[in-house]
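J.: Build me a structure from this.
(chains A, B, C and D)
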Protein chains: 2
Amino acid sequence: MERTNYRPNLAARSLATGKTGIVGLVIHEPASAVFSDPYFSAMLAGITDTLADEATGVMLWMSRKTEQETLASVLATSFVEGIICTATMVNDPVVDGLLASGVPTVLIGHRRHDDSANYVDIDNIGAAEDITEHLVDLGRRRIGHITGLRGTVSGDDRLIGYHRAMDKAGLSDRFVVDGDYTEEGGYAAALELLDMNVDAIFAGSDSTARGIYTAARERGIKIPDEVAVAGFDDLSFSAEMDPPLTTVRQNIPAQGRIAALTLLKILDRSPDAAKRVILPTELVIRQSTLGGGAGWA
Amino acid sequence: MERTNYRPNLAARSLATGKTGIVGLVIHEPASAVFSDPYFSAMLAGITDTLADEATGVMLWMSRKTEQETLASVLATSFVEGIICTATMVNDPVVDGLLASGVPTVLIGHRRHDDSANYVDIDNIGAAEDITEHLVDLGRRRIGHITGLRGTVSGDDRLIGYHRAMDKAGLSDRFVVDGDYTEEGGYAAALELLDMNVDAIFAGSDSTARGIYTAARERGIKIPDEVAVAGFDDLSFSAEMDPPLTTVRQNIPAQGRIAALTLLKILDRSPDAAKRVILPTELVIRQSTLGGGAGWA
DNA sequence: TTGTAAGCGTTATCAC
DNA sequence: GTGATAACGCTTACAA
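T.: Numbers count the residues shown, from 1 in each chain, chains lettered A, B, ... in the order given. The predicted structure is shown next:
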């Protein structure tokens, strides 16, 4: 056409075609979660990279407004064709409202009470069970757990996995302190657990494990000789910790990527759109459980 | 109108009115920056909260695609009425392209060689000078600096501020090691500086300072008795560090908020739209420089 | 292959 | 004030 810098009017195009090529991304989380963890950055990167590849725009709702306001705002924005939404809390009116609205939606995480939604998630229970079992196999007996944020599906499920593995091992002494996925929370909880003379701690997240390291260092407690430490996430810093952290690797950008691709398939009415995806996790064993002197298996 | 759940068609409305109520947010940063620091989360929160209050939608570009691809994608999306863009690197073709395009744009950070753009920033040079001067005033003489990421305006400016304060104090021994704003980078750089027997370190960011703490702890070096440590940002964890960190407070969500409000004013052709805003910073003095035994002023 | 007209859903204008 | 109508810029279907 014209060799001038001509910008086609997307509003007119979408009016004519009925398509907009825009999806919504709703991250309605407590501020503490979004701020403390690289988790959401990694997720965002996975989603935005993928959608950019597919020439799809992203509208973002990340405000800390009330659920009603967020929900109303999203649903009023008629030109988002579909929605990706984080579903970390067990009960979240925003998620329920989106699902009820009929707008095609893919969750990252899942609804415990409703398995009809499309979602991408990992098997938190199974992964937590595996890593706790790893601690058991090392000969640890007084195994503690610092939970993730209570009220989140992931936090509660990892706690369930911990209890299952302890049940299976016949270990009836449980040492559980609530955490909140942050390093600061991990530090405070670790002080409590160390007072209970645990010989291993499974942390709800790698950030939490960082706090454990600080607490142990202050107390002069050696990792892993006196206390083995395991985390969850395998963030970029985890392999660089001293000692390197045993953890569960979940490919966070991949979760975002799969969620984006799933939504696009649903919007294309592609018949092979997998609607519920559980991504694999991997136990990454490093020196925070395996290293150190003898005495442990 | 109808009491059915009627969703007005925004594409049609915007075609008729010429307005869309959508702005673009372009965060084209190296992955390491976005992932390591809570800085971008805080910025995002400030921007999205403010725009939500003003009933303005946000389209996000955060992909790690090439500059050309990002730029083309943003400019092709005709319905963004204005753009907020982070400008941390000294040279960023995306920023240059946006400014050249004529689409109303507000930068967070600024262009060193071009002062015609709208931007929100802080006085990095002055703040770095102040905090270095604080270390001088304490009687420290072998003051080191771990830079921010080289090639960023903020990192380079803080280095300039360090040198200015050292010049003013007549201290000709400079101890400068390049960092990258991350904790890991800070740890590695701190080991180098400690080998040089510095008695104070000004870190380019609070995350960097965290790495210094780890290095000092390993070496058995007391903060602040043997080495005073100062950071930059005043993130949420900084007051909780042990000892609490002296740092420069920059209100990051406020930067995002002001950038959003500035853009909205420009779009409204409001005559009082301040186009270049330098937000104040505040020296926050805590125990990492002031505490400890006697011997220092 | 090239060109013309109708229509998308809303706002704004201009009669009445 | 109320109600019909053009216009927004693009796509698409159909006619030349």
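J.: What are the boundaries of the strands in the stretch 51-200 of chain A?
T.: Listed in chain order, the strands of the stretch 51-200 of chain A (DSSP state E, counting those that start in this stretch) span A:57-61, A:82-87, A:105-109, A:118-122, A:143-149, A:175-179, A:200-203.
J.: between these, which gets nearest to chain B?
T.: Smallest distance to chain B across those (CB to the nearest CB): 4.4 Å, for strand A:57-61. Yep, even glycine has a C-beta here, placed from its N, CA and C like the rest.
J.: Just list whatever residues bridge to A:Leu107.
T.: Beta bridges link A:Leu107 to A:Cys85, A:Tyr119 when assigned by DSSP bridges.
J.: Pretty sure it sits against A:Val120.
T.: Yes: using CB atoms under 8 Å, A:Leu107 is in contact with A:Val120, at 7.3 Å.
J.: Now the stretch 51-200 of chain A against DNA strand C: closest residue?
T.: A:Ser78 (7.5 Å; CB to the nearest atom of the strand).
J.: if I look at that residue, how far off is chain B?
T.: In this view, A:Ser78 and chain B are 4 Å apart by CB to the nearest CB, to the nearest Å.
J.: repeat for A:Glu29
T.: A:Glu29 is 10 Å from chain B, by CB to the nearest CB.
J.: Let me know how buried A:Asp53 is, in neighbour terms.
T.: 14 (other CB atoms under 10 Å in any protein chain shown).
J.: Tell me which residues touch it, please.
T.: By CB atoms under 8 Å, 6 or more residues apart in numbering or on different chains, A:Asp53 lies in contact with nothing.
J.: List the contacts of stretch A:252-262.
T.: A:23, A:39, A:42-47, A:49-51, A:54, A:56, A:84, A:106-108, A:118, A:120-122, A:233, A:273-275, A:277, A:279.
J.: what is the mean pLDDT for whichever strand or helix holds A:Ala11?
T.: Using DSSP states H and E, A:Ala11 falls within helix A:10-17. On average, the pLDDT along helix A:10-17 is 92.
J.: and if you look at stretch A:227-237?
T.: Stretch A:227-237 comes out at a mean pLDDT of 94.
J.: Please apply the same query to stretch A:135-145.
T.: 97.
J.: Just the buried positions in that stretch, please.
T.: A:Leu135, A:Val136, A:Leu138, A:Arg140, A:Arg142, A:Ile143, A:Gly144, A:His145 (16 or more other CB atoms under 10 Å in any protein chain shown).
J.: And stretch A:176-189, by the same measure?
T.: By 16+ other CB under 10 Å, the buried positions in stretch A:176-189 come out as A:176-189.
J.: okay, those residues in JSON lines with distance to DNA strand C next?
T.: Shown next, in JSON lines, are those (distance: CB to the nearest atom of the strand, whole Å):
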{"residue": "A:Val176", "distance to DNA strand C": "53"}
{"residue": "A:Val177", "distance to DNA strand C": "53"}
{"residue": "A:Asp178", "distance to DNA strand C": "48"}
{"residue": "A:Gly179", "distance to DNA strand C": "48"}
{"residue": "A:Asp180", "distance to DNA strand C": "44"}
{"residue": "A:Tyr181", "distance to DNA strand C": "42"}
{"residue": "A:Thr182", "distance to DNA strand C": "44"}
{"residue": "A:Glu183", "distance to DNA strand C": "48"}
{"residue": "A:Glu184", "distance to DNA strand C": "48"}
{"residue": "A:Gly185", "distance to DNA strand C": "47"}
{"residue": "A:Gly186", "distance to DNA strand C": "50"}
{"residue": "A:Tyr187", "distance to DNA strand C": "53"}
{"residue": "A:Ala188", "distance to DNA strand C": "52"}
{"residue": "A:Ala189", "distance to DNA strand C": "52"}
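J.: and which of the residues you listed is nearest to chain B?
T.: Once CB to the nearest CB is applied, the member of the buried residues of stretch A:176-189 that ends up nearest chain B is A:Glu184, at 5.6 Å.
J.: For the closest residue to DNA strand D within the stretch 51-200 of chain A, which non-adjacent residue is closest in space?
T.: Taking CB to the nearest atom of the strand as the measure, the stretch 51-200 of chain A has A:Ala55 as its residue closest to DNA strand D, at 13.0 Å. Nearest in space to A:Ala55, with sequence neighbours left out and distances taken as CB to CB, 6 or more residues apart in numbering or on different chains, is A:Gly21 at 6.5 Å.
J.: Surely that neighbour touches A:Val58?
T.: No: using CB under 8 Å, A:Gly21 makes no contact with A:Val58, being 10.4 Å away.
J.: So what's the gap between stretch A:60-70 and the chain middle?
T.: 20 Å (CA atoms, centre = their mean, to the nearest Å).
J.: sorry, back to before: widest-spaced pair of the buried residues of stretch A:135-145?
T.: A:Leu138 and A:His145 (15.5 Å; CB to CB).
J.: Just the closest residue of the stretch 151-297 of chain A to DNA strand C, please.
T.: For the stretch 151-297 of chain A, CB to the nearest atom of the strand, closest residue to DNA strand C: A:Leu267, 18.2 Å.
J.: Next, count neighbours for the residue lying closest to that residue once chain neighbours are set aside.
T.: Distance criterion CB to CB, 6+ apart; nearest residue to A:Leu267, sequence neighbours excluded, is A:Gly82 at 5.1 Å. Neighbour count of A:Gly82, defined by other CB under 10 Å: 19.
J.: For A:Gly82, list the residues it contacts.
T.: A:Val23, A:Gly24, A:Val103, A:Pro104, A:Thr105, A:Val106, A:Leu263, A:Leu264, A:Ile266, A:Leu267.
J.: Of the residues you listed, just say which sits nearest to A:Ser73.
T.: Nearest member of the contacts of A:Gly82 to A:Ser73, counting by CB to CB, is A:Gly24, at 9.8 Å.
J.: Hmm, A:Thr56 and the closest one touching each other?
T.: No: using CB under 8 Å, A:Gly24 makes no contact with A:Thr56, being 11.0 Å away.
J.: Which one of these two is surrounded by more residues?
T.: Shown here are A:Gly24 and A:Thr56; by other CB under 10 Å, A:Gly24 has more neighbours (25 against 19).
J.: where does A:Lys275 sit relative to A:Leu263, distance-wise?
T.: 11 Å (CB to CB, to the nearest Å).
J.: higher neighbour count, these two?
T.: Ranked by neighbour count (other CB under 10 Å), A:Lys275 and A:Leu263 place A:Leu263 first, with 28 against 13.
J.: neighbour-wise, which of A:Gly21 and A:Val58 wins?
T.: Between A:Gly21 and A:Val58, counted using other CB under 10 Å, the more crowded position is A:Val58 (24 against 17).
J.: Let me see the contact set for the more buried one.
T.: A:Ile22, A:Val23, A:Gly24, A:Leu25, A:Ile47, A:Thr48, A:Leu51, B:Met59, B:Leu60, B:Trp61.
J.: switch to 7 Å and redo it
T.: A:Val23, A:Leu25, A:Thr48, A:Leu51, B:Met59, B:Leu60 (CB atoms under 7 Å, 6 or more residues apart in numbering or on different chains).
J.: next one: A:Tyr162
T.: Here A:Tyr162 is in contact with A:Ala128, A:Thr132, A:His145, A:Phe202 (criterion: CB under 7 Å, 6+ apart).
J.: give me the number of residues near the first one?
T.: Meaning A:Ala128. 28.
J.: got it, and the second one?
T.: Residues within reach of A:Thr132, counting by other CB under 10 Å, total 26.
J.: ok, now how distant is it from A:Ala188?
T.: 22 Å.
J.: what do you get for the first one?
T.: When CB to CB is the yardstick, A:Ala128 and A:Ala188 sit 21 Å from each other.
J.: Give me the local confidence score for the closest residue to A:Arg7 other than its chain neighbours.
T.: Spatial nearest neighbour of A:Arg7, excluding adjacent residues (CB to CB, 6+ apart): B:Ser78 at 4.4 Å. pLDDT for B:Ser78: 87.
J.: Ok, A:Met1 next?
T.: 47.
J.: can you check the one 3 residues further on too?
T.: Predicted confidence (pLDDT) for A:Thr4: 62.
J.: I appreciate the help and will end here.
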